[in-house]
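**Q** model the following, please.
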Amino acid sequence: YFLHCLCFLLFFLSYHFSIFFCSFFFFFFFPRLTMSGKELKPTLGTGVPKTRKRNITLKHDPEAFRNRVIEVLERCAGELKASISGLDVDDLDYSRYGEVFAEVSIAGNIVEPGGSLRGQPTQFSVFQAEDRAGVMARVELLHQLMRRKPFLRARYDMVVEKLLVFLPSFQEASRKNFAAAVGIMMHGNMITPTILTKIDMEANIEGGFALEFIIAVMESFLRENNNDVEKMMHVLRGASIDTGTIVNWMPKKIRSAEALSDHFREKGLEKLVGQNERRIRLVVVTQLKEGVTERVEKKTPFKDIAKWIEDFAQEHSVGESERVGATWDGIIGSIDLSRKTQQNRYALLQALQDNAKLLLLVCRTGMDEFELLMKVQSFISADMELLKIAVFRDIVNLLYQADVFSEDTVLRWYRRGTTLNKGSAASSNIIREQMVSFIKWLETAEEESDDE
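**A** Numbers count the residues shown, from 1 in each chain. This next block holds a predicted model:
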C-alpha cells in the first residue's frame with residue numbers, strides 16, 4: 001500500500017512539473033526566439049531611435065531659393081563670370097528648384113497660375129532685357145548653368161512650355177524678348193522644339209499672339225544661323241511644324257496660305273515665302289494624285305479622268321511635269337504593293353496595262369513622255385526588290401507597246417545617260433544595264449525602218 005501511494009505521488013508531481021515547465025518556456029523563451037533569430041544584447045545609449053537620412057524631409061521653400069538667385073544676380077549686376085560663380089554652388093538645390101531658377105531667369109520671378117508673377121521681376125531677366133544683346137547675355141547664363149547641370153534642360157522645357165500658354169498675360173516687349181530667347185535657345189539645343197506646339201491655344205491664336213511669336217522665334221533663329229532657312233525648317237519639321245502648321249496659328253479672319261506669304265514679305269522673310277509656296281504646290285499636287293486614285297479605283301472612264309485632270313491643272317496652275325507625275329502616283333496609289341516581290345510585279349504590270357490609255361491621254365508631248373519615264377525610274381530605284389528583277393524594263397516595254405512611250409523618247413533617255421537627282425548612281429547603272437537588250441532591239445528596228 002505504501003509503494004502504491006508513493007507511485008501515485010510521483011506521478012502527480014511529474015504531471016504538474018511538466019505543465020509548469022511548458023508554460024515557463026512558452027511565456028519567457030518563445031517570444032525572444034520569434035522576435036529575432038538570436039538573443040538580444042544590451043546596447044549603450046538613450047534608446048531614442050535614429051532617423052535615416054532618406055526619411056528626412058526638407059521644407060519646400062521656393063521663395064528662399066528665388067531670393068538667393070535674385071540676390072546673386074543683382075549683386076553681380078549681370079556680369080557673366082561672377083553670376084556663374086555665385087550660382088554654381090552646392091547649397092543651391094537645382095535638382096529641386098530648377099524650374100524656379102528658369103522662371104526667375106526668364107520671367108523675372110516665380111510664375112503663378114494665370115501668368116502673373118509672384119512679386120516684382122528682377123531687372124536681370126530675359127523679360128526685362130533692354131535689347132537683343134541683353135537677351136543673349138541672359139540666355140548665355142542659362143546655357144552655362146545647363147552645361148554644368150545637364151538636367152536643367154528638362155526644366156527649361158517645362159518653363160518655356162508653361163510661359164507659352166500665358167502669352168496674352170505678358171507685355172509686348174516681354175513677348176518679343178521671350179521669342180528672341182526661344183530662338184537662341186533652339187539654335188543652341190537648349191530646349192526641345194516640340195514644346196512650340198503648346199502655343200496652339202485659342203487665346204493665343206485669335207489674339208494674333210501665336211503668329212507674332214512664332215515669326216519672331218524664326219527671325220531670331222535665322223539671325224543666329226546666318227539666315228539658313230533649310231536648317232531652321234529641318235529643326236521645325238522635327239517638331240511637326242511647317243508653314244501649314246503656322247497657317248493654322250493665324251486668326252480665322254485672315255487665315256490662308258496666301259496671307260501667310262504676304263506676312264512673310266512684310267517681315268522681309270522672302271526665303272520663307274518660297275518655303276510656303278512649295279508647300280502650297282505640294283498640297284495641290286497631293287490633292288490631284290488622290291483624285292486620280294479615287295477615280296481609278298471607281299473605274300471612271302479614262303476620258304472623264306483626263307478631262308478632270310486637265311480642269312484641275314488649269315484651275316490650280318499645275319505644271320505639265322506635276323500633272324504627269326501626279327497621274328502616275330495616282331495609278332500607283334490604287335495598287336496593293338504589300339505582297340511578295342513577284343506578286344507586286346504582276347499587280348504593277350497588270351494595273352499599268354489596264355490604265356495605259358489614261359497615261360496615253362495625259363502624255364501629249366515628247367516632254368511629257370520623258371517626265372513619265374523619269375518618274376518610272378525614280379519609283380523603281382526606290383524599291384530594291386523590283387530593281388533586281390528588271391521591272392523597269394518590263395514597264396518601259398509595256399508602255400512602249402501601248403504607244404505611251406515613243407522610240408525617240410526611250411532612246412533619248414538612254415543616250416543622255418540620265419541619272420536621278422536623288423538616289424544612288426548604282427541604281428541608275430543597274431537600270432541601264434538591264435535596258436541594253438531592249439535598246440539594241442529598238443536601234444535595230446530604227447535602222448530597218450530607215451532602210452525601208
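**Q** break down the stretch 1-150 of the chain into its helices, ranges please.
**A** When secondary structure is read from DSSP state H, counting those that start in this stretch, the stretch 1-150 of the chain shows helices at 2-24, 30-35, 62-76, 80-87, 94-106, 132-148.
**Q** which one of those helices has the poorest average confidence?
**A** Lowest mean pLDDT of the helices of the stretch 1-150 of the chain: helix 30-35, a mean of 50.
**Q** against Glu433, how distant is the closest residue to Leu411 other than its chain neighbours?
**A** Counting by CB to CB, 6 or more residues apart in numbering, Leu442 is the residue found nearest to Leu411 once chain neighbours are left out, at 6.1 Å. The way it works is simple: take the backbone N, C-alpha and C, and place the C-beta from them, glycine included. In this structure, Leu442 lies at 16 Å from Glu433, with CB to CB, to the nearest Å as the measure.
**Q** quick check: next helix or strand after the helix or strand in which Met374 is found?
**A** Assigned by DSSP states H and E, Met374 falls within helix 366-381. On the C-terminal side of helix 366-381, the nearest following helix or strand under DSSP H and E is helix 384-388.
**Q** what comes up buried for that following helix?
**A** Along helix 384-388, these residues count as buried under the neighbour rule (16 or more other CB atoms under 10 Å): 386-387.
**Q** do the same with stretch 268-275
**A** Buried residues in stretch 268-275, counted by 16+ other CB under 10 Å: 269, 271-273, 275.
**Q** chain center to it: distance?
**A** 23 Å (CA atoms, centre = their mean, to the nearest Å).
**Q** rounded mean pLDDT for that stretch, please.
**A** 85.
**Q** before we move on, the earlier item: pretty sure the residue nearest to Leu411 is touching Arg412, no?
**A** No: taking contacts as CB atoms under 8 Å, Leu442 lies outside contact range of Arg412: 11.2 Å.
**Q** okay, and the common contacts of these two?
**A** Common neighbours of Leu442 and Arg412 (criterion: CB atoms under 8 Å, 6 or more residues apart in numbering): none identified.
**Q** okay, those two: which has more neighbours?
**A** In this view Leu442 and Arg412 are compared by other CB atoms under 10 Å, and Leu442 has more residues nearby, 18 against 15.
**Q** so which helix or strand takes in that one?
**A** Judged by DSSP H and E, Leu442 forms part of helix 436-451.
**Q** mean confidence score for that helix?
**A** For helix 436-451, mean pLDDT is 75.
**Q** just stretch 330-342 next, same as before
**A** Confidence over stretch 330-342, taken as the mean pLDDT, stands at 92.
**Q** report the buried residues of it.
**A** Judged by neighbour count (16+ other CB under 10 Å), stretch 330-342 contains these buried residues: 330-335.
**Q** TSV for these, including secondary structure?
**A** Converted to TSV, the buried residues of stretch 330-342 look like this (DSSP: H, G, I helix; E, B strand; the rest coil):
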residue	secondary structure
Gly330	helix
Ile331	helix
Ile332	helix
Gly333	helix
Ser334	coil
Ile335	coil
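**Q** can you put those in JSON lines and add distance to Ala426?
**A** Listed next are those as JSON lines, based on distance: CB to CB, whole Å:
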{"residue": "Gly330", "distance to Ala426": "29"}
{"residue": "Ile331", "distance to Ala426": "27"}
{"residue": "Ile332", "distance to Ala426": "23"}
{"residue": "Gly333", "distance to Ala426": "27"}
{"residue": "Ser334", "distance to Ala426": "30"}
{"residue": "Ile335", "distance to Ala426": "26"}
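**Q** tell me the one of those nearest Leu142?
**A** Each of the buried residues of stretch 330-342 was checked against Leu142 using CB to CB; the closest is Gly333, at 48.2 Å.
**Q** how much space separates the closest one from Ala313?
**A** Distance from Gly333 to Ala313, by CB to CB: 18 Å.
**Q** try Lys299
**A** Applying CB to CB, the value for Lys299 to Ala313 is 22 Å.
**Q** between the two, who's got more neighbours?
**A** Ala313 (19 against 9).
**Q** make JSON lines from the buried residues of stretch 268-275 and add distance to Val292 and secondary structure to it.
**A** Formatted as JSON lines, the buried residues of stretch 268-275 follow (distance: CB to CB, whole Å; DSSP: H, G, I helix; E, B strand; the rest coil):
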{"residue": "Leu269", "distance to Val292": "35", "secondary structure": "coil"}
{"residue": "Lys271", "distance to Val292": "32", "secondary structure": "helix"}
{"residue": "Leu272", "distance to Val292": "31", "secondary structure": "helix"}
{"residue": "Val273", "distance to Val292": "29", "secondary structure": "helix"}
{"residue": "Gln275", "distance to Val292": "26", "secondary structure": "helix"}
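**Q** for those residues, work out which two are farthest apart.
**A** Across the buried residues of stretch 268-275, no pair lies farther apart than Leu269 and Gln275, at 9.2 Å, counting by CB to CB.
**Q** could you list which residues are in contact with Phe370?
**A** 409, 412-413.
**Q** pick out whichever of these sits closest to Leu386.
**A** The nearest member of the contacts of Phe370 to Leu386, counting by CB to CB, is Trp413 at 18.4 Å.
**Q** host element of that closest one?
**A** Using DSSP H and E, Trp413 sits within helix 407-416.
**Q** now that helix: how far from the chain's centre is it?
**A** Centre-to-centre, helix 407-416 and its host chain are 43 Å apart (CA atoms, centre = their mean).
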